[in-house]
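> Here is a sequence together with a model predicted from it:
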Amino acid sequence: MKNKQMMKTIRGIAAPLPLANVDTDVIMPKRFLITITREGLGDGTFADLRFDNEGGQRPDFILNKSPWTKASILVVGDNFGCGSSREHAVWGMRQLGIDACVGTSFAGIFYDNARKNGLALPVVSPATRDALLQFSSDSGGGEISIDLESRTITAGGTTAPFEMDDATQTALIRGRDDTLDSLEYAAAIRDFEARLNSKMRVSVIK
């Protein structure tokens, strides 16, 4: 398995999604969890916000409006990703083309699932979040830039810091996940298994 490409900066159109307490059932409704693979989850992401009961697009939802149809960054309300532990929510967001969500707080399990799947979750102050909501609403598709190395966000000539733990920062920059990290120890794991099997065979003989 090869490493994913290293990523130091995330740039893209930001869409404002100021709703507080958006839970994983809103991000990925449970009716889309019947698949046994990750395929097609992008269609289910924010489905009840994006589509009406007949499957038509809701014109008032931000991701259905130009230029935010091309958004790859969301500026979100407090406590984003609360609710269940379903990793499908993150899988779907990645399939929808979302690279980062910027907010004041994220549910712990959602944050961990995001790290595993390359979804950046910069944590900013309420004042910075509100300024980014205003910028993303008023700029008509202006891009923001998230510098993972310096842990800063730049929008419209203004730069502000964000919080991110060291392990998450490293995982995002290196394009790592738990599987790739485990593979670094593959030789040691095989050696341990061989020694364990040898001890078990000796024990059986005795």
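In hand now; what should we look at? Numbers count the residues shown, from 1 in each chain.
> who's in contact with stretch 141-149?
By C-beta atoms under 8 Å, 6 or more residues apart in numbering, the list of residues contacting stretch 141-149 from outside reads 7-14, 66-68, 70, 73, 100, 102, 120, 122, 132, 135-136, 152-156, 162, 164, 169, 172-173. Using the backbone N, CA and C atoms, a C-beta is placed for each residue, glycine as well.
> how far does that stretch stretch from start to finish?
End-to-end distance of stretch 141-149 (C-alpha to C-alpha, to the nearest Å): 25 Å.
> Could I have the CA atoms of the strand or helix carrying Val90 written out in CSV?
According to DSSP states H and E, Val90 maps onto helix 88-95. Output in CSV follows, covering the C-alpha atoms of helix 88-95 (Å, rounded to 0.1, in the frame of the first residue of the first chain):
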residue,chain,number,x,y,z
HIS,A,88,-20.1,6.9,6.8
ALA,A,89,-20.6,10.6,7.5
VAL,A,90,-17.0,11.4,6.9
TRP,A,91,-16.8,9.0,4.0
GLY,A,92,-19.7,10.7,2.3
MET,A,93,-18.3,14.2,2.9
ARG,A,94,-15.0,13.2,1.3
GLN,A,95,-16.9,11.7,-1.7
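> helix or strand right after that helix?
Following helix 88-95 in sequence, per DSSP H and E, is strand 100-102.
> What mean pLDDT does the helix or strand following that following strand get?
Sequence order places helix 108-116 as the next helix or strand after strand 100-102, per DSSP H and E. The average pLDDT for helix 108-116 rounds to 95.
> report the longest strand in the chain, please.
The single longest strand within the chain, with elements called by DSSP state E, is strand 9-17.
> Buried ones among the contacts of stretch 141-149?
Applying 16 or more other C-beta atoms under 10 Å to these, the neighbour count classes 10, 12-14, 68, 73, 100, 102, 120, 122, 132, 135-136, 153-155, 162, 164, 169, 172 as buried.
> what sits up against stretch 156-163?
If you take C-beta under 8 Å, 6+ apart as the criterion, stretch 156-163 is touched by 102, 122-125, 128, 131, 135, 139, 142, 146, 151-153.
> partners of the longest strand of the chain, with directions?
Looking at strand 9-17 with DSSP bridges, its partner strands are strand 73-76 (parallel), strand 143-147 (antiparallel).
> thinking again about what came up before, Asn79: which of the contacts of stretch 156-163 is nearest?
Val123 (11.7 Å; C-beta to C-beta).
> give me the number of residues near the closest one?
17 (other C-beta atoms under 10 Å).
> how close does the nearest residue to it once chain neighbours are set aside get to Thr154?
Nearest non-adjacent residue to Val123, counting by C-beta to C-beta, 6 or more residues apart in numbering: Glu163, 4.2 Å away. Per C-beta to C-beta, to the nearest Å, Glu163 is found 16 Å from Thr154.
> try Gly142
11 Å.
> Outline the domain layout of this protein.
9-175, 177-206 (automatic domain parsing).
> Which of those has the highest mean neighbour count?
domain 9-175 (a mean of 17; mean count of other C-beta atoms under 10 Å).
> Endpoints of it, how far apart?
In domain 9-175, first residue to last residue: 12 Å (C-alpha to C-alpha).
> which residue is nearest the middle of this protein?
Leu119 (2.6 Å; C-alpha atoms, centre = their mean).
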